[in-house]
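Enquirer: Structure for this input, please:
(one chain, ligands or ions: 1)
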Amino acid sequence: IIIDYGGPNVAKPLHVGHLRSAIIGESIKRIGRFVGHKVIGDVHLGDWGLQMGLIITELKHRKPELVYFDDSYTGEYPEEAPFTISELEEIYPCASGKSKEDEAYRNEALEATHLLQQGKPGYMALWNHIMNVSVTDLKRNYDKLNVSFDLWKKESDAQPYIPGMVEEMKEKGFAYVDQGALVVDVKEENDTKEIPPPFQECMLLKSDGASLYTTTDLATIVERMKLFNPDEILYVVDKRQELHFIQVFRCARKTGLVKDDTKLSFLGFGTMNGKDGKPFKTREGGVMRLETLIKDINEEMFTKIVENRSVKDKDAKETAEIVGLSAIKYGDLSNQATKDYIFDIDRFTSFEGNTGPYILYTIVRIKSILNRFAEEGGNLEAGTILDPVNDSQKNLMLQLTGFGATVENAFEEKAPHKICAYIYEVSNAFNSFYHETKILSEENEAQKASFIQLLKLTKKVLETCIDLLGFSATG
Ligand code: ARG
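Expert: Numbering: from 1, shown residues only. So this is what the prediction gives:
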């Protein structure tokens, strides 16, 4: 199974729009592996669009003397990039703003994009620099989120597959010219409502011969089939792109890019909104950068942690990062992926209620009981779980038996929220059991050992589940 998730666009800052794809995709990848599938995660970088032409154009305006712009230059290009990541992040919005106001500038950027796609050496060299600088930064960001990819493939990797694919679609009679553009008809009966007419024709090449997002996605399918021959390709992308994927899937199937039994699935997620119900923004109303969001959460966690007890600043900072990640991820994953949800820092960072910090708190509570037991000379390996002594223990034991079915079902339905709901129940069951049962002061040794084994099992179930969600209780 290939999971296509993350999908950041190179040289544009990583913003919250890409957060959900990373969090949900990572979790599904982990759950898939846990239930026994061979899963490959591919970040599928957006590296081939207008943003590259915009950056090149802006650079040319600022530093026309750079050797990349000298058409008569034939030597080696410098190894060092002519910009840093912060410059790059400033250049893109600047160029994008200009292109909206200045038609000539926009045309220049389109031309630069075109030249890049045709392999102009100076632009290719710049593109390489942009890639290296951005990818280093992206990896650092994903690292902080505990998200990692097996493949760092890019949209441009699919380009070599386009000509052959297009030729074949023409030869087989699937592709034809309509008003100058090359298209494949993907209309199906009765779908006027579901798929509006513009989506009933899948465009492969524009009248000027340029390829599109659709073309790249189709060629990427060709590449994936060739390199990995997967049983399924799953895309974790914003649900506003659903029509695009319906089109791509229909076209891929109709033209035989995939085998009849290769599954193509789309998991479209909803928008992350602010408390005002509108897409999440910074206080100033700008696009929220992922780094800023993580920093805000960690600061909030830090305040909550030092509020109640005296801890060293350094320790509290580390703890805040661990708990902060659980707040962000659980806050996202506990909602059904397809739905929009409200990102509520106060609620997500609370140690009470259906939150990541509450789950971590429960795990830490179990650990501290086990530690005390060991310190008092207890043997953590001794004993077995006996029949329950009260209803709350019975409830906890019943909850724990649900583990296997929950994880399998979460994968079947691509629904990490089911694991969240499950561990919330387990945590509640554990905490009731803890309040109603004397554990360490139990005098019957066999009974006490039984409680300890049950605690260990509860801890193992909770820890396994949060790992499947992509966070942990330790740094
Ligand atoms: N880069 C795209 C975006 O930001 C997402 C890519 C999703 N994956 C794909 N194969 N189209 O919208």
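Enquirer: Can you show me the helices along the stretch 151-300 of the chain?
Expert: In the stretch 151-300 of the chain, the helices defined using DSSP state H, counting those that start in this stretch lie at 162-171, 213-228, 242-254, 290-308.
Enquirer: Out of the ones you listed, the one nearest the ligand is which?
Expert: Using CB to the nearest ligand atom as the criterion, the shortest distance between the ligand and the helices of the stretch 151-300 of the chain is 5.1 Å, found for helix 213-228. C-betas here are computed from N, CA, C, even on glycine.
Enquirer: Spatially nearest residue to the residue of the stretch 301-450 of the chain found nearest the ligand, not counting backbone neighbours?
Expert: When you check the stretch 301-450 of the chain against the ligand by CB to the nearest ligand atom, the closest residue turns out to be residue 337, at 14.8 Å. The shortest distance from residue 337 to any residue that is not its chain neighbour, by CB to CB, 6 or more residues apart in numbering, is 4.6 Å, and that residue is residue 269.
Enquirer: Residues in a beta bridge with that neighbour, which ones?
Expert: Taking DSSP bridges, one obtains residue 238 as the residues bridged to residue 269.
Enquirer: go on, the one 10 residues further on?
Expert: Going by DSSP bridges, residue 279 is paired in beta bridges with residue 273.
Enquirer: hmm, stretch 159-167 in reach of the ligand?
Expert: No. When contact is scored as CB under 6 Å from any ligand atom, no part of stretch 159-167 falls within range of the ligand; the minimum is 13.8 Å.
Enquirer: Then stretch 46-54?
Expert: Yes. Applying CB under 6 Å from any ligand atom, one finds stretch 46-54 touching the ligand at residue 46.
Enquirer: Which pLDDT value goes with residue 200?
Expert: pLDDT recorded at residue 200 is 83.
Enquirer: how about it, what does it touch?
Expert: Residues in contact with residue 200, defined by CB atoms under 8 Å, 6 or more residues apart in numbering, are 185, 186, 187, 191.
Enquirer: on that earlier part again, so the residue of the stretch 301-450 of the chain closest to the ligand sits right up against residue 24, yeah?
Expert: Yes. With contacts counted by CB atoms under 8 Å, residue 337 reaches residue 24, the gap being 5.3 Å.
Enquirer: Overlap of the contact sets of those two?
Expert: What both residue 337 and residue 24 touch, as defined by CB under 8 Å, 6+ apart, is the set 267, 269, 416.
Enquirer: The last one and residue 400: what is the separation?
Expert: With distances defined as CB to CB, to the nearest Å, the gap from residue 416 to residue 400 amounts to 19 Å.
Enquirer: before we move on, back to that, could you tell me which of the contacts of residue 200 belong to strands?
Expert: When the contacts of residue 200 are checked against strands using DSSP state E, the ones located there are residue 185.
Enquirer: Helices of the stretch 351-475 of the chain, residue ranges please.
Expert: Listed from the start of the chain, the stretch 351-475 of the chain has helices (DSSP H, counting those that start in this stretch) covering 356-375, 391-401, 403-412, 416-436, 445-469.
Enquirer: Enumerate every residue touching the closest residue in space to residue 265 that isn't next to it in sequence.
Expert: For residue 265, the nearest residue in space outside its immediate sequence neighbours is residue 234; the separation is 4.7 Å by CB to CB, 6+ apart. With contacts defined as CB under 8 Å, 6+ apart, the neighbours of residue 234 are 1, 2, 3, 4, 28, 263, 265, 266, 267, 414.
Enquirer: Give me every residue in the stretch 201-350 of the chain lying close to the ligand.
Expert: Within the stretch 201-350 of the chain, the residues that sit near the ligand (CB under 6 Å from any ligand atom) are 217, 235, 237.
Enquirer: can we see that at 5 Å?
Expert: residue 237 (CB under 5 Å from any ligand atom).
Enquirer: In this protein, where is pLDDT below threshold?
Expert: The chain contains residues with pLDDT under 70 at 192-194, 197-198.
Enquirer: picking that back up, please pick the buried ones from the contacts of residue 200.
Expert: Buried positions within those, assessed by neighbour count (16 or more other CB atoms under 10 Å), are residue 186.
Enquirer: tell me which of the contacts of residue 200 is nearest to residue 50?
Expert: residue 186 (25.4 Å; CB to CB).
Enquirer: Spatially nearest residue to the closest one (excluding sequence neighbours)?
Expert: The shortest distance from residue 186 to any residue that is not its chain neighbour, by CB to CB, 6+ apart, is 4.0 Å, and that residue is residue 250.
Enquirer: what sits against the one you found?
Expert: With contact taken as CB under 8 Å, 6+ apart, residue 250 is in contact with 186, 188, 202.
Enquirer: For the stretch 201-350 of the chain, which residue gets nearest to the ligand?
Expert: Nearest to the ligand, among the residues of the stretch 201-350 of the chain, is residue 237, at 4.5 Å (CB to the nearest ligand atom).
Enquirer: Residue 48 - how many residues pack around it?
Expert: 22 (other CB atoms under 10 Å).
Enquirer: quick one: secondary structure of it?
Expert: coil (DSSP: H, G, I helix; E, B strand; the rest coil).
Enquirer: wait, it sits on residue 162?
Expert: No. Assessed by CB under 8 Å, residue 48 is found out of contact with residue 162, at 11.0 Å.
Enquirer: got the contact list for residue 145?
Expert: With contacts taken as CB under 8 Å, 6+ apart, residue 145 has the following neighbours: 19, 22, 23, 26, 290, 294, 325, 328, 329, 470.
Enquirer: For those residues, pick the one with the most neighbours.
Expert: Across the contacts of residue 145, the neighbour count under other CB under 10 Å reaches its highest value at residue 23, namely 30 neighbours.
Enquirer: ok, back up a step: and the residue of the stretch 201-350 of the chain closest to the ligand, how many neighbours?
Expert: Counted with other CB under 10 Å, the neighbours of residue 237 add up to 23.
Enquirer: how close does it get to residue 330?
Expert: The value you get for residue 237 to residue 330, if CB to CB is used, is 22 Å.
Enquirer: Likewise for residue 50?
Expert: Applying CB to CB, one obtains 36 Å for the distance of residue 50 from residue 330.
Enquirer: Kindly report the same for residue 208.
Expert: Using CB to CB, residue 208 is found at 48 Å from residue 330.
Enquirer: The two: who's more crowded?
Expert: residue 330 (28 against 8).
Enquirer: can you tell me which residues contact the more buried one?
Expert: The neighbours of residue 330, taking CB under 8 Å, 6+ apart as the test, are 348, 355, 356, 359, 420, 469, 471.
Enquirer: which one of those has the most neighbours?
Expert: residue 356 (29 neighbours).
Enquirer: That residue and residue 322 touch, don't they?
Expert: No. Applying CB under 8 Å, one finds residue 356 not in contact with residue 322, separated by 10.0 Å.
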